[in-house]
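S.K.: model the following, please.
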Amino acid sequence: MRTILVSAILALTIGSSAQAQNAARTYDLGPVWQVSYIETKPGMFDDYMAYLNSTWRNIQEMDKKKGDVLDYRVLAVETPRDGEPDVILLIEYKNMAVFDRSLDEGDAIMTTAFGSVPKSNQAAVSRESIRVLRGGLTAREMKFKK
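M.R.: Have a look, this model is predicted:
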């Protein structure tokens, strides 16, 4: 009796697994979004926006011309609470392969944007005086099939 019961449970489990795997996929892989949460320091919102509208924007435009970046956005958060971001940066990349660029390629971009890699590093340190990076995420968009 016990053997029959175990066999019946296994048959039902295997059957339901096969049905789940046979469901038609209704989505496909889409672009990749990188989201950064930024808290500007008191009185520094305009300074940070000036940076975004110059160097950061130039980097995004360079990557757009290469075809790696599809689009980018800057969102201002309405009435953030203490310790929460007041700026959200969104960058839409064509795929995950974009993140697999060589170190030399990344250095070339930083040199174009900042003049040299050491100047790029110093600029990163300087930005800490006007903002705090509060985290972020990278996620792939799922596109529904028609």
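S.K.: which strand or helix spans residue 64?
M.R.: Secondary structure from DSSP states H and E places residue 64 in helix 57-66.
S.K.: ignore what I typed, I meant residue 85.
M.R.: Assigned by DSSP H and E, residue 85 belongs to no helix or strand.
S.K.: doesn't residue 35 make contact with it?
M.R.: No. Using C-beta atoms under 8 Å as the test, residue 85 is too far from residue 35 to be in contact (9.9 Å). Heads up, the C-betas are built off the backbone N, CA and C, glycines and all.
S.K.: for the two, indicate the residue with more neighbours.
M.R.: residue 85 (22 against 16; other C-beta atoms under 10 Å).
S.K.: how near is residue 120 to residue 74?
M.R.: Separation of residue 120 from residue 74 (C-beta to C-beta, to the nearest Å) stands at 20 Å.
S.K.: repeat for residue 88
M.R.: As judged by C-beta to C-beta, residue 88 and residue 74 stand 8 Å apart.
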